[in-house]
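Asker: sequence plus predicted model, see below.
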Amino acid sequence: MAQFPFRLNLQSMVFPLLSELSGRTVINPGADQTFVPGVSISADNTQVPVDRGTPQVYYMHNVMPSTYGYQSVGYVTQYEGIDWQGSAPSPVSFEVAKLIQGGQLDGEGRPVSTSFKTYISNPRSGNAGVMTLDPMTKRWKVAAGAPNLADDTRITVATVNGVSYIFFSKLGCYIYNNSTNTLIPRTLTGLDASKVLGIISSNGYLLAYTADSVAWSSVTNVEDFAISDVSGAGGGSVQEAKGKIVTAAATALGFILYTAANAVSVIYSGNADFPWNFKGVPSSGGVSDPELVSEEQTGGFQQVYTTNGLQRIGHTGAQTTMPQVTDFISGNLFEDYDPVLNKFVTVDFAWTMRKGLGVIADRYIVVSYGLDPIKSMTHAIVMDLAQSRMGKLKIPHNFCFELKSLADQVVENPRGSLAMLQSDGTIKAVDFNFTKPADESVMLLGKFQLARQRMVELFSTELENVKAGADFTIDAIPSLDGKTLLEPQRGYLLEAAANYRHYSFNSMVGVNVSLAVRGRFNMISAILWLGVHGRP
């Protein structure tokens, strides 16, 4: 029987977030109006349909796009959980990790910077208190001097003049003395701390926001919020806000307020008497949770999950992006691939999934999600903006953030900054070194059919960039109706060399055939040897 070689498509920009949304694909398009030859899909999916009818990746986890294909990823532990110093551990749940710079008081009682950097968190439940990271032991430890926190207490951090002000919502403001591992309370004159939700800094000002107002400090004394024509401190309600204020995020021009119904642009005017100009952001949606607003920006925009879906928001407007991610996150189907059973597990649910959003190294937009609205999130969709391609991670986590180096010297590791905070305080960074063990990396490709009028038989496949000795397997999965996946067949290794493997299959016949690869790989090229079979 004649065999036809076919090189796989390993450069697709997106993949279906539910495997059932992968349509009937074919190698020889024939009369196929879905296929648009010679046209590349655009980043915003407006140029051609997402489903082009060509075989490609239709499921993955713990796989990221590489420059020339796809690679498996693992995780490396950067920081351990809590250091209980000999006492019995208590149940906790770390929800966030905020970067802070230390400070101490000078002879006149004013905060001055110590240039010490660390992370701070307030684990929910278990009365664990406030935690800071020790860069030497690489573990969390309890900080002294913290207020009594509730489970819904949120931390916001604003750094002014090299000192981080740490505000616990509706409780009070503090700075961190790293020498004594102590939180030092600071009084923000003119504010009712019991109403303040959080703080930010911009253009030398310290700003505080409540559910319906914003206040800014004096420039000469950022702890002075008493309204005065002399000091320049001021504030008031925000007329452009269409709902209760939820959070705020600083920008190069000022900051953006996010409410339950819209976003409000706040631009620094340079006028000490009227330092801020407020204007509603057109087309912006509302925000339900502060963790749905990215702390970092990409290209001058903040990435936000709003009531309108995923949007990139700037001072002049909002644009809806990645509609396929919004449709999946807001839908009612959750899908995972069980590598042990070698099959998909789908759950139909009627509640709202837990979700989070982060921007990493001005390159990755990470949308985390989990089926249980209370427990940790389990998966994360990653959009690589540099390549306009998608990847997906599978790891329990409560917070995805850009991990900054706490060392004094500059550390260049942009791909090692995509970090996940787990419930016990462990911080794991995504490890792109595919020579190390991968964490349950799975990728499904297909569905391969030579021509629609004939069934197909898969004989063998040749793969590049699978390291010799790597824990790697490949299965072929046939389908007799083109949609339903049958029992997989493990590939038989015919030949192996450095960065090369050749697998064969026995009687692998179907209307179409899929491939499931698992383990360590940096796949840049894969050749299938196929033959036509009987009619379906």
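Answerer: Looks like it arrived, so ask away.

Asker: and residue 263, how far from residue 243?
Answerer: Distance, residue 263 to residue 243, by C-beta to C-beta, to the nearest Å: 10 Å. Glycine gets a C-beta too; all of them are placed from N, C-alpha and C.

Asker: so which of the two has more stuff around it?
Answerer: residue 263 (33 against 15; other C-beta atoms under 10 Å).

Asker: surely residue 20 is within a strand?
Answerer: No - under the criterion used here (DSSP: H, G, I helix; E, B strand; the rest coil), residue 20 is helix, not part of a strand.

Asker: count the residues that sit near it.
Answerer: Neighbour tally, residue 20, other C-beta under 10 Å: 12.

Asker: from residue 495, how far off is it?
Answerer: 36 Å.

Asker: same check on residue 12?
Answerer: For residue 12, the distance to residue 495 - C-beta to C-beta - is 28 Å.

Asker: who's more crowded, the two?
Answerer: residue 12 (19 against 11).

Asker: touching, the more buried one and residue 56? I think so.
Answerer: Yes - using C-beta atoms under 8 Å, residue 12 is in contact with residue 56, at 4.1 Å.

Asker: and the spatially most central residue of the chain, what is it in contact with?
Answerer: For the chain, the residue nearest the mean C-alpha position is residue 366 (2.1 Å; C-alpha atoms, centre = their mean). The contact partners of residue 366, by C-beta atoms under 8 Å, 6 or more residues apart in numbering, come to 357, 358, 359, 360, 380, 381, 382, 383, 393, 400, 418.

Asker: next one, pLDDT for the second one please.
Answerer: The one in question is residue 358. Reported pLDDT at residue 358 in the predicted model: 95.

Asker: does it have beta-bridge partners, and which?
Answerer: When bridges are called by DSSP bridges, residue 358 pairs up with residue 366.

Asker: what sits against it?
Answerer: 294, 295, 296, 365, 366, 368, 399, 400, 401, 402.

Asker: what about the third one, helix or strand, and which?
Answerer: I take that to be residue 296. strand 293-298 (DSSP states H and E).

Asker: strand partners (parallel or antiparallel) of that strand?
Answerer: Strand 293-298 is paired, per DSSP bridges, with strand 301-306 (antiparallel).

Asker: which parts of the next helix or strand after the strand it pairs with are buried?
Answerer: Following strand 301-306 in sequence order, the next helix or strand is strand 309-313 (DSSP H and E). Neighbour-count burial for strand 309-313 flags 309, 310, 311, 312, 313 (criterion: 16 or more other C-beta atoms under 10 Å).

Asker: and which of the residues you listed is nearest residue 443?
Answerer: Comparing the buried residues of strand 309-313 against residue 443 with C-beta to C-beta places residue 310 closest, at 24.1 Å.

Asker: so what pairs up with the closest one in the strands?
Answerer: Under the criterion used (DSSP bridges), residue 310 bridges to residue 305.

Asker: pretty sure residue 305 is in contact with residue 352, am I right?
Answerer: No - taking C-beta under 8 Å as the definition, residue 305 is not a contact partner of residue 352, at 11.6 Å.

Asker: these two: which has the busier surroundings?
Answerer: Using other C-beta under 10 Å as the criterion, residue 305 and residue 352 rank with residue 305 on top: 24 against 11.

Asker: identify the residues contacting the more buried one.
Answerer: Remark: with contacts taken as C-beta under 8 Å, 6+ apart, residue 305 is in contact with 287, 292, 311, 326, 329, 355, 357, 367.

Asker: that one and residue 249: what is the separation?
Answerer: For residue 305 relative to residue 249 (C-beta to C-beta), the value is 13 Å.

Asker: could you export stretch 350-358 as CSV, CA atoms only?
Answerer: C-alpha atoms of stretch 350-358 as CSV (Å, rounded to 0.1, in the frame of the first residue of the first chain):
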residue,chain,number,x,y,z
ALA,A,350,-24.4,25.5,36.6
TRP,A,351,-22.2,27.9,38.6
THR,A,352,-19.5,30.4,37.9
MET,A,353,-15.9,29.1,37.7
ARG,A,354,-13.3,30.7,39.9
LYS,A,355,-10.9,32.7,37.7
GLY,A,356,-7.9,35.0,37.9
LEU,A,357,-5.8,37.1,35.5
GLY,A,358,-2.2,38.1,35.4
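
Asker: that older thread, would you turn the buried residues of strand 309-313 into a markdown table with pLDDT and distance to residue 158?
Answerer: Shown next, in a markdown table, are those (pLDDT from 0 to 100; distance: C-beta to C-beta, whole Å):
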| residue | pLDDT | distance to residue 158 |
| --- | --- | --- |
| 309 | 95 | 29 |
| 310 | 95 | 26 |
| 311 | 96 | 24 |
| 312 | 95 | 23 |
| 313 | 97 | 20 |
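
Asker: nearest to residue 203, of those residues?
Answerer: residue 313 (19.4 Å).

Asker: wait, the closest one sits on residue 300?
Answerer: No - Residue 313 lies out of contact with residue 300 (C-beta under 8 Å); the separation is 10.5 Å.
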